[in-house]
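[1] Next come a sequence and a model predicted from it.
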Amino acid sequence: MIEVVDSGLAFRTMGSVDSTSRPPSVDALARSLSHIDLPHPLLVDVARQAIASGDHHRAESMALDLRAAMLQPVINATGVIAHTNLGRSPVAVHVESRAQNLEFDLRTGRRGSRQSGIGRLLARAVGAEAAMVVNNNAAAVLLVLAALAHDRDVAVSRGESVEIGGGFRVPEVMEQSGARLVDVGTTNRTRLDDYRKAIHRKGTDVALVLKVHPSNYRVEGFVEETPVSQLSTLGVDVVADIGSGLLDEACPWLPSGPPDWLRGEPAARQSLEAGASLVTFSGDKLLGGPQSGVIAGRADLVARCAAHPLARALRPGGLVLSALHDVTIRYLDRTACEHVPFWKMATASADSIRHRCDQVVDGARIGKVIACDSLPGAGSTPGAHIPSFGIELDGDVTATFRDRELPIVARVRDDRTVLDLRTVAPDDDQHVVTALRDLFVS
């Protein structure tokens with residue numbers, strides 16, 4: 001028989017069984033992995049796979065790899081505030097474990113719309129007649145094109161026919177919506193007259209002009225683009241895909257007004273004031289909410305989008321709407337700077353971050369405080385940098401940090417590990433201290 005003697009993979013044999021030639025049973029191997037935080041059925045799967053591979057000694061590393069692939073909280077020390085791979089803007093979801101009036105009208109006792117409450121809040125926040133929410137901004141653009149321009153033409157500047165992160169390509173989204181792309185102007189210069197010629201060209205049937213903010217790159221030099229204020233004079237509905245989710249360029253929720261790194265970033269309120277019929281944007285970038293997409297603008301156009309069959313497939317669930325509801329309230333009562341993590345991190349003074357770095361280094365007795373640059377991230381404000389401070393360590397120890405019970409994700413620069421504390425919540429500083437101290441042990 002085979003007997004497990006510890007939580008590792010050491011086995012004692014009795015009788016004629018040779019532990020070097022015979023693997024343990026699946027059950028015994030799975031039980032030896034019980035110290036790893038995975039459900040027993042998954043440990044059984046790992047044990048079976050390890051034995052089938054001919055090397056049951058790999059079972060523990062296989063189980064740890066599986067555990068690391070599970071969704072879990074991490075500490076973001078990369079300096080990228082809305083980090084796409086780390087869930088973009090950090091946001092809390094507070095929902096009681098009870099029913100909610102997601103699609104129930106408490107006044108009439110009849111079925112209601114999940115869009116009515118959040119739509120009213122977002123419309124008020126950006127000065128629109130109406131608004132609705134979908135899964136993400138790509139879904140918002142897709143729904144607008146499908147609902148308003150199916151089997152018709154949509155004019156887009158060649159300089160804005162872009163690919164954004166995750167494979168969002170304007171021509172392909174256009175094709176999936178059933179709308180036809182009409183290229184306008186050139187890659188670097190597109191004037192109002194270029195749009196006018198495209199709209200009045202024989203054989204075209206332009207339903208919309210789509211203005212896309214190229215949120216993850218910037219073209220400089222001999223360039224020219226046509227602003228929404230001019231496009232709105234063409235007699236065709238203008239849809240402004242601003243991408244990042246900046247609600248108002250004046251940033252009334254920030255006591256000191258808009259920061260320098262936001263200069264030139266299009267905002268929903270000003271795009272609508274300039275004449276856009278609709279704006280689309282993300283809820284999980286500069287807005288600082290959960291992953292979602294917003295369509296806001298004229299009530300009749302929003303209603304057509306909401307009535308389209310795709311709207312049901314693209315609608316968000318109650319958890320997303322609840323989180324977005326809470327975040328939007330913070331903008332309306334002008335406390336986003338205090339309560340929305342993105343803005344708390346983005347507006348923290350460099351001096352306050354340096355002070356925290358000094359305290360961490362003093363507590364851990366390892367590392368060096370350095371000046372560095374943080375990034376807004378998630379394709380927002382390309383080229384923007386926010387002065388910050390971090391802790392620098394010799395060599396690349398990022399794998400060690402990632403292997404912790406509460407993983408810490410840092411970055412490497414010139415073969416040195418850097419932990420930028422701008423993107424670390426102050427309550428997590430002690431975790432960083434402990435991780436630095438543990439480097440001595442490892």
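    Now that the structure is in, tell me what you want to look at. Numbers count the residues shown, from 1 in each chain.
[2] Skipping its backbone neighbours, what lies nearest residue 412 in space?
    Using C-beta to C-beta, 6 or more residues apart in numbering and skipping the chain neighbours, the partner closest in space to residue 412 is residue 396 (5.0 Å). Just so you know, the C-beta spots here come from the backbone N, C-alpha and C atoms, and that holds for glycine as well.
[3] Wait, residue 176 touches residue 142, no?
    Yes: the criterion here is C-beta atoms under 8 Å, and residue 176 meets it with residue 142 at 6.4 Å.
[4] From the neighbour counts alone, determine which of those two ranks first.
    More neighbours surround residue 142 than the other of residue 176 and residue 142, with 24 against 12 (other C-beta atoms under 10 Å).
[5] so what's that one up against?
    Going by C-beta atoms under 8 Å, 6 or more residues apart in numbering, residue 142 touches 173, 176-177, 310, 314.
[6] circling back: pLDDT wise, what is the residue nearest to residue 412 at?
    At residue 396, the model reports a pLDDT of 96.
[7] That one: neighbour count?
    Around residue 396 there are 14 other residues, counting by other C-beta under 10 Å.
[8] Low-confidence ranges, the stretch 251-400 of the chain, go.
    378-382 (pLDDT under 70).
[9] can you pull out the helices in it?
    All helices of the stretch 251-400 of the chain, identified by DSSP state H, counting those that start in this stretch, fall at 268-273, 299-307, 309-314, 318-332, 336-339, 341-347, 350-364, 398-402.
[10] Quick check: closest non-adjacent residue to residue 270.
    Distances taken as C-beta to C-beta, 6+ apart place residue 249 nearest to residue 270, at 5.3 Å, with adjacent residues excluded.
[11] Please read off the pLDDT at the one you found from the model.
    For residue 249, the model assigns a pLDDT of 95.
[12] Over to it. Which of the three states is it?
    coil (DSSP: H, G, I helix; E, B strand; the rest coil).
[13] Who are the contact partners of it?
    Listed by C-beta under 8 Å, 6+ apart, the contact set of residue 249 reads 258, 262, 265-267, 269-270.
[14] Where is the longest strand in the protein?
    Secondary structure assigned by DSSP state E gives strand 386-394 as the longest strand of the chain.
[15] Alpha carbons only: can I get that one in PDB?
    Extracted in PDB, the C-alpha atoms of strand 386-394 (Å, rounded to 0.1, in the frame of the first residue of the first chain):
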ATOM      1  CA  ILE A 386       1.700  61.900 -13.900                       C
ATOM      2  CA  PRO A 387       4.800  62.600 -11.700                       C
ATOM      3  CA  SER A 388       5.100  60.000  -9.000                       C
ATOM      4  CA  PHE A 389       7.500  58.200  -6.700                       C
ATOM      5  CA  GLY A 390       8.300  54.500  -6.300                       C
ATOM      6  CA  ILE A 391      10.600  52.000  -4.700                       C
ATOM      7  CA  GLU A 392      13.400  50.600  -6.700                       C
ATOM      8  CA  LEU A 393      15.100  47.200  -6.100                       C
ATOM      9  CA  ASP A 394      18.100  45.600  -7.800                       C
END
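[16] ok, the residue nearest the centre of the chain to residue 411 distance?
    Per C-alpha atoms, centre = their mean, the C-alpha nearest to the average position across the chain is that of residue 88, at 3.0 Å. Using C-beta to C-beta, to the nearest Å, residue 88 is found at 17 Å from residue 411.
[17] One more: residue 436?
    In terms of C-beta to C-beta, residue 436 sits 16 Å off from residue 411.
[18] The two: who's more crowded?
    Taking neighbours as other C-beta under 10 Å, residue 436 and residue 411 compare with residue 436 leading, 22 against 17.
[19] so what's that one closest to, chain neighbours aside?
    Distances taken as C-beta to C-beta, 6+ apart place residue 364 nearest to residue 436, at 3.5 Å, with adjacent residues excluded.
[20] Test my guess that the one you found contacts residue 440.
    No: contact criterion C-beta under 8 Å: residue 364 and residue 440 do not qualify, at 9.1 Å.
[21] Which one of those two is surrounded by more residues?
    More crowded of residue 364 and residue 440, by other C-beta under 10 Å: residue 364, with 18 against 9.
[22] Spit out the contact partners of the more buried one.
    Contacts of residue 364 (C-beta under 8 Å, 6+ apart): 432-433, 436-437.
[23] Okay, domains of this protein per the record?
    Listed domain ranges for the chain are 2-69, 75-90+343-441, 116-339 (source: automatic domain parsing).
[24] How much space separates residue 364 from residue 420?
    For residue 364 relative to residue 420 (C-beta to C-beta), the value is 16 Å.
[25] Where do the helices of the stretch 51-200 of the chain begin and end?
    For the stretch 51-200 of the chain, the helices defined by DSSP H, counting those that start in this stretch occupy 59-69, 116-126, 137-149, 170-177, 192-200.
[26] quick one: contacts of the fourth one?
    Read it as helix 170-177. 138, 141-142, 145-146, 149-150, 154, 156, 160-163, 180-181, 210, 212.
[27] With only the CA atoms kept, save that helix in PDB.
    What follows is helix 170-177 as a C-alpha-only set of coordinates in PDB (Å, rounded to 0.1, in the frame of the first residue of the first chain):
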ATOM      1  CA  VAL A 170     -13.500  50.400 -36.700                       C
ATOM      2  CA  PRO A 171     -13.900  48.800 -40.100                       C
ATOM      3  CA  GLU A 172     -14.700  45.400 -38.700                       C
ATOM      4  CA  VAL A 173     -17.200  46.800 -36.100                       C
ATOM      5  CA  MET A 174     -18.800  48.700 -39.000                       C
ATOM      6  CA  GLU A 175     -19.100  45.500 -41.000                       C
ATOM      7  CA  GLN A 176     -20.700  43.500 -38.100                       C
ATOM      8  CA  SER A 177     -23.200  46.300 -37.600                       C
END
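[28] Tell me the buried residues in stretch 229-240?
    231-232, 234, 236-240 (16 or more other C-beta atoms under 10 Å).
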